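S.K.: sharing a model that was predicted from the sequence below.
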Amino acid sequence: MSRIGRMPIDVPAGVDVKIAESNFVTVKGPKGTLEKALHKDMLIKQEGNVIVIERPSENKIHRAMHGLTRTLLNNMIVGVTEGYSKELEVNGVGYRAQKQGKKLVLNLGYSHPIEMEEPELITFEVPGPNQIIVRGIDKQAVGQIAAEIREKRPPEPYKGKGIKYADEHIRRKEGKTGAKK
């Protein structure tokens with residue numbers, strides 16, 4: 001039995017979960033609304049403020065989907081109550097980030113600044129010129145947008161210049177050995 005899949009999900013006060021046919025789930029909360037079609041074979045039962053996910057058989061696909069379905073549903077509930085965020089750091093001389101209206105403008109050493117629009121349900125915060133915070137209610141979307149920002153200038157291993165996650169550690173390489181002293 002899946003250890004994650006068999007754990008019940010507590011629905012906090014102020015959150016409304018609707019399970020339609022074919023496991024189309026709508027979660028409404030204080031931060032917004034999320035909708036997702038979960039695997040149609042999983043049995044999602046709501047009893048008061050507790051949701052339990054069961055699998056119909058011991059098939060390999062059902063065992064795999066059991067924990068995934070529970071995690072996706074839990075992420076939706078956490079998203080509409082607390083939200084998700086990813087923090088990025090910009091390292092390098094002359095590299096900086098700024099917010100202009102709903103655009104994130106990145107100066108990353110290219111001949112032109114890079115502009116990114118805020119997608120729906122995602123907000124950018126720039127508390128300092130070397131810090132970017134991506135916030136939203138959809139965990140997958142927040143991670144995807146943060147990865148796209150990081151992709152604009154990934155950190156290089158010699159000096160660590162580029163955009164990295166705040167909790168990411170860059171393995172450094174030694175430079176040339178025949179340098180003049």
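M.R.: Ah, there it is. Bear in mind that the values here come from a model prediction, so they are computed numbers and not experimental data.

S.K.: find the nearest non-adjacent residue to the residue most central in space within the chain, please.
M.R.: In the chain, the C-alpha nearest the mean C-alpha coordinate belongs to Gly143, at 3.0 Å (Cα atoms, centre = their mean). Across the structure, with Cβ to Cβ, 6 or more residues apart in numbering as the measure, the residue nearest Gly143 apart from its sequence neighbours is Lys86 (6.4 Å). The C-beta positions use only the backbone N, C-alpha and C, and glycine is treated the same way.

S.K.: number of residues surrounding the one you found?
M.R.: For Lys86, the neighbour count with other Cβ atoms under 10 Å is 21.

S.K.: any idea which helix or strand carries it?
M.R.: Secondary-structure element containing Lys86, defined by DSSP states H and E: strand 84-91.

S.K.: packing partners for that strand?
M.R.: Contacts of strand 84-91 with other secondary structure elements, assessed using 3 or more Cβ pairs under 8 Å, 6 or more residues apart in numbering; DSSP states H and E, are made with strand 131-136, helix 139-151, strand 162-165.

S.K.: and with 10 Å instead?
M.R.: Contacting strand 84-91 under the criterion 3 or more Cβ pairs under 10 Å, 6 or more residues apart in numbering; DSSP states H and E are the following elements: strand 96-100, strand 122-128, strand 131-136, helix 139-151, strand 162-165.

S.K.: most tightly surrounded among those?
M.R.: strand 131-136 (a mean of 21; mean count of other Cβ atoms under 10 Å).

S.K.: next, the angle strand 122-128 makes with it.
M.R.: Computed by axes from the mean of the first three to the mean of the last three Cα atoms, to 10 degrees, the angle separating strand 131-136 from strand 122-128 equals 160 degrees.

S.K.: who touches the nearest residue in space to Ala146 that is not next to it in sequence in this structure?
M.R.: Spatially, and ignoring its direct neighbours in sequence, Ala146 is nearest to Lys86 (3.8 Å; Cβ to Cβ, 6+ apart). Taking Cβ atoms under 10 Å, 6 or more residues apart in numbering as the criterion, Lys86 is in contact with 132-136, 139, 142-147, 149-150, 165-167.

S.K.: what do you get if the cut-off is 6 Å, keeping everything else the same?
M.R.: Contacts for Lys86 were tallied using Cβ atoms under 6 Å, 6 or more residues apart in numbering; they are Val134, Val142, Ala146.
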